[in-house]
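>>> Next comes the sequence, and after it the predicted model I'd like to discuss.
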Amino acid sequence: MTKAPNTRLLVRFSPCFDDEEVMDMLATRSPQMRKAVGVLKELSADEATRMRYEAREMARRDLESRIEEVDKKWEGVVADKDAALADKDAELADKDATLADKDAALADKEAENEQLRAQIAALQAQIT
């Protein structure tokens, strides 16, 4: 079984494909590059294959561009939502503090009412 060529390496050097000298220089770098340059030269000789490759590359770049645009858009949306959630969290924290104050005031009133009930019970005991 033959090993598939490293297409990432080919794509990385794709701007150099139009320059024959650069391609020849790349071919001297390693056996893999020599093989890749040979394959590229063969493919480039076939006009239909080259046109399909260029169309795929254009579509791939277009897709990557659209993905980046969507990523940026959603980063902004997520940041806005995070900010809104932080505001709501702060608002809820304020309401929690207010509720805690009201709970404490209610507990004080209940204690005061209990003392008044005890005083009323004591007075009723004295009257009877």
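Yep, that arrived. What you see is a predicted model, and the numbers here were worked out from it, not measured in a lab.
>>> what about Glu114, distance to Met23?
Look at Glu114 and Met23: by C-beta to C-beta, to the nearest Å, they are 94 Å apart. From N, CA and C alone the C-beta is placed, and that goes for glycine too.
>>> between these two, who's got more neighbours?
Met23 (19 against 10; other C-beta atoms under 10 Å).
>>> quick one: the more buried one and Gly38 touch, right?
No. Between Met23 and Gly38 no contact is recorded; they are 9.7 Å apart, counting by C-beta atoms under 8 Å.
>>> Can you tell me how far Ala100 is from Asp94?
Taking C-beta to C-beta, one finds Ala100 at 11 Å from Asp94.
>>> Quick test: name the residue nearest the centre of this protein.
Nearest to the mean C-alpha position of the chain, counting by C-alpha atoms, centre = their mean, stands Glu75 at 6.4 Å.
>>> so where does it fall, helix or strand?
Following DSSP states H and E, one finds Glu75 within helix 47-127.
>>> Does that helix pack against any helices or strands, and if so which?
Helices and strands touching helix 47-127, as assessed by 3 or more C-beta pairs under 8 Å, 6 or more residues apart in numbering; DSSP states H and E, comprise helix 31-45.
>>> Return the set of buried residues in the helix it packs on.
Buried residues in helix 31-45, defined by neighbour count with 16 or more other C-beta atoms under 10 Å: Met33, Ala36, Val37, Leu40.
>>> That one - what's its average pLDDT?
The pLDDT scores in helix 31-45 average 78.
>>> Which strands or helices does it pack on?
Counting contacts by 3+ C-beta pairs under 8 Å, 6+ apart, helix 31-45 is packed against helix 7-12, helix 20-27, helix 47-127.
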